[in-house]
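Participant: no sequence on hand, only this structure:
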């Protein structure tokens, strides 16, 4: 099911007609536009930076990769990212394209950011709102996905424009460090660890 259909089925403020892609300017670069709920309740394509400057509620996907022995894969966001550069986050996350199925979006982003492909299990949905600096706010309705992999055999090929480092972190130690050193971690990861451990880690 597409995110648009999911949103309508769950009544996520889809109170006005959906804007069709054909209504966008012909020179609009589609990766720079993401679906979002505007202030008047429309579900529309909106320029990505504008979504975050206005703090618009929008769909997202987020992936955690676990080793099955109490650790999770982290990535450090590249220095050139438009927000939260240099901070540690979970394996990957993204904004789905218009009418893109959440599972397809999650798999796509695993390949784009980490050069990896893994079977994903949908774990549930989380909504959060957080200041991410630079006058921007993330307000995401997130479909959460979990994968399991062996660190000894998982081959990663991170895109340096997206990811500067990766590491495996024991979950208990990660939660403690995120509390002690919050400025090292992306706000959404801190929220996930503080509020949604049961959903993600079982």
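Facilitator: That came through, no problem. This structure is a prediction, so every number in the text was calculated from the model and none was measured.
Participant: where does this structure dip in pLDDT?
Facilitator: Counting by pLDDT under 70, the chain contains low-confidence ranges at 1-31.
Participant: let me see the ranges of the helices in this structure.
Facilitator: With DSSP state H as the criterion, the chain has helices at 3-9, 48-54, 102-109, 171-180, 187-195, 197-201.
Participant: can I get those helices in JSON lines including distance to residue 95 and mean neighbour count?
Facilitator: Just so you know, the C-beta spots here come from the backbone N, C-alpha and C atoms, and that holds for glycine as well. Putting those into JSON lines (distance: least, C-beta to C-beta, whole Å; neighbours: other C-beta atoms under 10 Å) gives the following:
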{"stretch": "helix 3-9", "distance to residue 95": "10", "mean neighbour count": "16"}
{"stretch": "helix 48-54", "distance to residue 95": "7", "mean neighbour count": "17"}
{"stretch": "helix 102-109", "distance to residue 95": "8", "mean neighbour count": "20"}
{"stretch": "helix 171-180", "distance to residue 95": "23", "mean neighbour count": "14"}
{"stretch": "helix 187-195", "distance to residue 95": "13", "mean neighbour count": "19"}
{"stretch": "helix 197-201", "distance to residue 95": "20", "mean neighbour count": "14"}
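Participant: what about residue 75, how many residues close to it?
Facilitator: As a burial measure, the neighbour count of residue 75 was computed by other C-beta atoms under 10 Å and equals 24.
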